[in-house]
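Q: structure of the sequence below:
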Amino acid sequence: MALSVQNFIKMANLYNQMTMMSSAICVQKGGIAMENYVGRFFLADVLEFVYEYGRRLIEQNKNSVPADVAAVIHRFGEQYEKVKDLTTPTQKPIYEMTLEEFERVMNI
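A: Residues are numbered from 1 along each chain as shown. Coordinates of the predicted model:
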């Protein structure tokens, strides 16, 4: 899939809609705090994906990304920095791991 501003905008809108739905769910469940909502981990993963897509979009198309879109990407980057400890860790397949990495994953 070629990186495009239109795809980024669609993904950014999806993320924004998901955050609104998550807030509504927290209210519906009795006003639980967002930091206690289990869906925050999924939202962090989505934010990571959307931000990385935007970062690569800017990297590959430096002069063709509109300033307002670049500003949104930058804002997503700031938000991502606040929640990056909630994202799912990236793991290598076992056959690519060093012995130390394997032992750490297996808690040996």
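
Q: and Glu103, what element?
A: helix 99-105 (DSSP states H and E).

Q: using PDB, write down the CA coordinates of that helix.
A: The C-alpha coordinates for helix 99-105 follow below in PDB (Å, rounded to 0.1, in the frame of the first residue of the first chain):
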ATOM      1  CA  LEU A  99      20.000 -16.700  23.700                       C
ATOM      2  CA  GLU A 100      19.800 -13.700  26.100                       C
ATOM      3  CA  GLU A 101      16.700 -12.400  24.300                       C
ATOM      4  CA  PHE A 102      15.100 -15.800  24.400                       C
ATOM      5  CA  GLU A 103      15.800 -16.200  28.100                       C
ATOM      6  CA  ARG A 104      14.300 -12.800  28.800                       C
ATOM      7  CA  VAL A 105      11.100 -13.600  26.900                       C
END
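
Q: output the contacting helices and strands for that helix.
A: For helix 99-105, there is no helix or strand it packs on, judged by 3 or more C-beta pairs under 8 Å, 6 or more residues apart in numbering; DSSP states H and E. For glycine as for every other residue, the C-beta is placed from the backbone atoms N, C-alpha and C.

Q: Thr90: which element?
A: Following DSSP H and E, one finds Thr90 outside all helices and strands.

Q: in contact with it, which residues?
A: By C-beta atoms under 8 Å, 6 or more residues apart in numbering, no residues touch Thr90.
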